[in-house]
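Asks: Build me a structure from this.
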Amino acid sequence: MSRWRSLRAGVHLRHAGRRYTRSDGGDSLPPYTVADARLGAGVSGAGWAARFSLRLDNLMDARYSVTPRFPMPPRHLRAALALSFL
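Replies: This is a model prediction of the structure:
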């Protein structure tokens with residue numbers, strides 16, 4: 001018989017203000033705010049355990065760069081499964 005061990009959910013919000021890319025302050029990158037959402041669950045049975053997780057990065061599909069000329073990825077989903085045998 002298996003049983004649920006845990007259920008997790010969360011939102012991660014990060015913000016960066018304007019960043020200057022030259023020491024004379026001539027060029028800068030605009031500010032950005034990005035949100036990520038996470039959901040995970042764990043289940044276990046006799047001699048095994050499993051963790052499932054889903055993560056949606058860049059929830060609002062923000063267009064931003066951390067360094068000049070290298071845009072960050074658009075909204076994307078990540079999934080993971082971890083198995084343990086005890």
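
Asks: give me every residue that touches the residue lying closest to residue 20 once chain neighbours are set aside.
Replies: Spatially, and ignoring its direct neighbours in sequence, residue 20 is nearest to residue 28 (4.9 Å; CB to CB, 6 or more residues apart in numbering). (Glycine included, C-beta is placed from N, CA and C.) Counting by CB atoms under 8 Å, 6 or more residues apart in numbering, residue 28 touches 18-21.

Asks: What about the closest residue to residue 58 other than its chain neighbours, how many residues nearby?
Replies: Closest residue to residue 58 apart from its sequence neighbours, by CB to CB, 6+ apart: residue 75 at 4.7 Å. Look at residue 75: counted by other CB atoms under 10 Å, it has 12 neighbours.

Asks: cool, residue 82 as well?
Replies: 11.

Asks: can you give me phi and psi for it?
Replies: With angles defined as degrees, to the nearest 10, residue 82 sits at phi -120, psi 130.

Asks: Would you confirm that it contacts residue 48?
Replies: No. Assessed by CB atoms under 8 Å, residue 82 is found out of contact with residue 48, at 11.2 Å.

Asks: Please list all residues in contact with residue 17.
Replies: residue 31.
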